[in-house]
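Trainee: Fold the following and give me the result.
(2 chains)
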Protein chains: 2
Amino acid sequence: MTTPAEFFQTHAELLDQAVRATTTRDYWSAFPESPSKSVYGETAAGEGESAFQALLGRPFPIEVPGAVGSVATERSPWGPELGVSYPKADPLALVAAARAATSAWRAVGPEGRAGVAAEIIKRINARSFELAHAVQHTTGQAFVMAFQAGGPHAQDRALEAVAYALAATRSIPATTEWSKPQRGGDPLRLSKTSTVVGRGVSLVIGCTTFPTWNSYPGLFASLVTGNPVIVKPHPGAVLPLAITVQICREVLAEAGQNPDLVTLAAEEPGDGIAATLATHPDVRIVDFTGSSEFGNWLEANARQAVVYTEKAGLNTVVVDSTDDYKGLLRNLSFSLSLYSGQMCTTPQNILVPASGIETDAGHRSVEEFGADLAGALDKLLGDPARAAGTLGAIVNDGVLARLTEAAGASGVIHPTTEVAGEHPGATIRTPVVISLDAADDKTYTREWFGPVSFVITTESTEHSLRILVETVRAHGALTALVHSNRPEILSAAREAALDAGVHLAENLTGGVFVNQTAAFSDLHGSGANPAATASLSDDHFVTGRFFTLQSRHHV
Amino acid sequence: MTTPAEFFQTHAELLDQAVRATTTRDYWSAFPESPSKSVYGETAAGEGESAFQALLGRPFPIEVPGAVGSVATERSPWGPELGVSYPKADPLALVAAARAATSAWRAVGPEGRAGVAAEIIKRINARSFELAHAVQHTTGQAFVMAFQAGGPHAQDRALEAVAYALAATRSIPATTEWSKPQRGGDPLRLSKTSTVVGRGVSLVIGCTTFPTWNSYPGLFASLVTGNPVIVKPHPGAVLPLAITVQICREVLAEAGQNPDLVTLAAEEPGDGIAATLATHPDVRIVDFTGSSEFGNWLEANARQAVVYTEKAGLNTVVVDSTDDYKGLLRNLSFSLSLYSGQMCTTPQNILVPASGIETDAGHRSVEEFGADLAGALDKLLGDPARAAGTLGAIVNDGVLARLTEAAGASGVIHPTTEVAGEHPGATIRTPVVISLDAADDKTYTREWFGPVSFVITTESTEHSLRILVETVRAHGALTALVHSNRPEILSAAREAALDAGVHLAENLTGGVFVNQTAAFSDLHGSGANPAATASLSDDHFVTGRFFTLQSRHHV
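Mentor: Below you'll find the model as predicted:
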């Protein structure tokens, strides 16, 4: 056994650095993103793949309190059979087990809880290759992306949430001495104790595209603020979270805690246990990533809980002008292609003024811009092996259906094509880009999650900015991007983004993409528009998860 | 004109001290609580009274956008005619005016907003005597209490909220440089800007008993986080908030801001504009102090807003044993008497084991304890002038009706009596104390706001603690108090308070009372039980009031 206090000692420096990084917010990362031998060791890649292979075709080794029977719900978008089964959860049993584990966890205090969490994340990091395969074969991401986004980037986001939770729960000192001067007498003196008490059982509902990256912040924020956590993965992407929960339980048990502080809630598709759990009176915190429909339902119905959602929206690009047209096209075509646009941050609506744009390569009409963008996509995705590495595989039939619907519309600028040969069992498609007019808002105010984007002709850049504000205020967005070399337009774009409540990227032409955010520096989601009620991560993301209770007595 | 930045410079040291005090939480106060000449000057008391008198019998000088007609709704619980009228608010006009003022306020930034807020609070402090009269003659508090709780203590709570808001809105730096090392190349470099954006129009709904103390935290937290604020006073206690809003508007105008950032929403009783405003789509923040009934309604119906409520509950005392029986009786009888129990923190349920209690004055049965408590009340309130100074006046007919109902019940230990002679126009009553059994939960699980308390016989102290947990979890409480000289009972009481989600005071026998909390040290409310959804003040109280929006571009 290693006590939580000992885990805190072990990781104190890492936690200090992480807390400092949340306040400086310049570049900092705890977990190297490169899956290279020089970083993770000569044998890590092979061992990780073997560990993953050893999990296939059998029951996943994890204890789930009160489980009845088992479920096997995953299929790899890349083709291979997975055949992993999980204990099928009984929601009421999970809640009861979570409650039973709570009071000992409360007694551990903020630092011990952060120490345990840091140990969990370090062990997750040590299994990054195994997790990368698990993420790849559930989400359809290409391997390197699965490694980075599903591994070290997710681990950084986890540690970031731990840092915020630790700082917030330490913000009021555990003990204080209060001495109030009295005229003509001894001071009034009190000794005061402040104790952090978790809000209650926490539910984390995972998504199918980023099972770890999107689930870790809520999981670790809740755990460190004193709450037990029930992890409900998407039936299509259980394995990455099952491995995660397994590690959590292993460390918690080693720390002398009840492992039921973190449990896995696997179900058959359609069982609807997320809704059952989210409305249970003892479930007081819900973290959700997924569709706007269910996210809105949770916000409206999980009334006994605080609800942190990350849903969907209309990510928007305003193209006005540029000093680096090639860079713009290269950057934007990559943003549209990465993981086949199956990111909640992928641009959908690209707004271009009817008069065209001024660039370092001369004036380009809307039509020319569309053709140039299509050309950039073709260049990026011309080689099938490289294309597959960028696009990954289509994750499910819903995405494919939207792509097919869009591909049949009029105004196609860049048709979607099949990338064949490399991965026989996988559905790999290039993005479709369609030309629209600003009046076609019925089409572009709908969210087309997947590789579907629109080049939309507007009256002017000012009109583009108005559309940005109106559509994002009404329908939400996680990202916005502006290209302009005119200071007054950049300034207007910043104000528009503030009015819309969306984070803005400006003139990205190099190796930074609008779909990506860096932990400890970039916020993901703002809470200020309908796409999300929270931001990963900031103080607000953690302060609703606990209460501070005081006792006081005379000295 | 003085710019917000200049106001920040002027008050930078005060704000620094206040922010530091929120983190150390030992004794700190910015505003002296003593209404003495040595502190506030020879002439302050007289000038304040004159200023108050000059307000009576005429329209209050304040501009309210879109107001139609006027209202005069106050009567002094002490007797004198007030006759102050206020512009009658049009809720839609207030929301429109608030929205129009927002974007310039956003541009001011956290420090400028905190500077303006600090200037407002300093000017409020300079009018403490005038405000004390206004509080006295709307709430029925005695003058000294009206001065302290309505003046400096409220100002400290205001500054505390400003400090939390300033720290939270500065927590992410306004500008950062991000530089990510790249293997074999130049680092990726971005310059990033973070801007605080208020959530939207903020509504503060005041109460009739502590119009300033309970309204200031929400008012200043919202203002400093970038939101316009509509202040909706209780029709019975408008004047203290009208003066406050007047000062806010004066300073805002001097700072070059639109004074409609803070407006007064006066109404006729029954107009129900609080509900109209609280459910308006543009109202995104609601702060409320008052009845559980309307507070619960707001939580259920103001769905577009974050709702911070401070309602009511069953404040509970567990009496087990004591080393200072006289001190216990003196302290508790004062807590029951102060402002006639018209505090949301006044004890209602006093739990005593059937076997009686051990004290330094020997064993006391439940009956003896009841008689001793009655005796302590009689001693404290024996002199009519002193009694009136402690009890204040009954604020309204609702309190009087509950007192009358309780006085007619069986088991009266201490009858309520009229305190006559000193203030002919005022209703002044001593508290009623009634003996109950633990089985009489229908009576004691109802809230009897006002001078009504119960001495409840339980099976044992353990039983008392179980009742504490069960009743507070179900019905809420703002305070709990335990008297015991047994360490194992104190320890069990602390755990019970954590389980119940209520702050605990232990063995108060001197000059600190369970009904009082000190800004910058004690939290008021916890959010962890049904009596309140927030705590005054902590990080959670401010972080939901704003968003942080980022923009980033290559360097």
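Trainee: all strands of the stretch 101-250 of chain A, in order?
Mentor: For the stretch 101-250 of chain A, the strands defined by DSSP state E, counting those that start in this stretch cover A:175-182, A:185-198, A:201-205, A:229-232.
Trainee: Compare the ones you listed and give me the one nearest residue A:282.
Mentor: Among these, strand A:201-205 comes nearest to residue A:282, with 5.1 Å by C-beta to C-beta. Placement of C-beta: from N, CA and C, glycine included.
Trainee: contacting residues around that closest one?
Mentor: With C-beta atoms under 8 Å, 6 or more residues apart in numbering or on different chains as the contact definition, strand A:201-205 has outside contacts at A:95, A:98-99, A:102, A:215, A:218-219, A:222-223, A:227-232, A:274, A:277-278, A:280, A:282-290, A:298, A:305, A:545.
Trainee: what mean pLDDT would you report for it?
Mentor: Averaging pLDDT along strand A:201-205 gives 98.
Trainee: what does stretch A:175-183 give?
Mentor: Stretch A:175-183 comes out at a mean pLDDT of 94.
Trainee: show me the contacts for the residue positioned nearest the centre of chain A.
Mentor: Computing the C-alpha centroid of chain A and ranking residues by C-alpha atoms, centre = their mean puts residue A:214 first, at 2.8 Å. By C-beta under 8 Å, 6+ apart, the contact set of residue A:214 is A:206-207, A:289, A:310.
Trainee: so where do the strands sit in the stretch 401-550 of chain A?
Mentor: A:412-414, A:432-437, A:452-458, A:480-483, A:504-506, A:546-554.
Trainee: So which other helices or strands are in contact with the fifth one?
Mentor: Just to be clear, that refers to strand A:504-506. Packed against strand A:504-506 by the contact rule (3 or more C-beta pairs under 8 Å, 6 or more residues apart in numbering or on different chains; DSSP states H and E) you find strand A:480-483, helix A:487-500, strand B:546-554.
Trainee: ok, and the closest non-adjacent residue to residue A:355?
Mentor: residue A:460 (7.2 Å; C-beta to C-beta, 6 or more residues apart in numbering or on different chains).
Trainee: count of residues packed around the one you found?
Mentor: Residues near residue A:460, counting by other C-beta atoms under 10 Å in any protein chain shown, number 12.
Trainee: now do residue A:408
Mentor: Per other C-beta under 10 Å, the neighbour tally for residue A:408 reads 9.
Trainee: Chain B versus that one, what's the distance?
Mentor: Residue A:408 sits 37 Å away from chain B, going by C-beta to the nearest C-beta, to the nearest Å.
Trainee: what sits against that residue?
Mentor: Listed by C-beta under 8 Å, 6+ apart, the contact set of residue A:408 is empty.
Trainee: Let me see the confidence value for it.
Mentor: 96.
Trainee: likewise residue A:312?
Mentor: On the pLDDT scale, residue A:312 gets 87.
Trainee: what about it, which SS state?
Mentor: Counting by DSSP: H, G, I helix; E, B strand; the rest coil, the backbone at residue A:312 sits in coil.
Trainee: Test my guess that it contacts residue A:447.
Mentor: Yes. The pair residue A:312 / residue A:447 is scored as a contact, 4.9 Å apart, by C-beta atoms under 8 Å.
Trainee: what residues are shared contacts of the two?
Mentor: Joint contacts of residue A:312 and residue A:447 (C-beta under 8 Å, 6+ apart) are residue A:292.
Trainee: returning to that earlier point: and the strands of the stretch 401-550 of chain A, which is most packed in?
Mentor: strand A:480-483 (a mean of 28; mean count of other C-beta atoms under 10 Å in any protein chain shown).
Trainee: outside of that one, which residues touch it?
Mentor: For strand A:480-483, the external contacting residues (C-beta under 8 Å, 6+ apart) are A:315-322, A:328, A:332, A:335, A:347, A:357, A:468, A:472, A:489-490, A:493, A:497, A:500, A:502-508, A:514.
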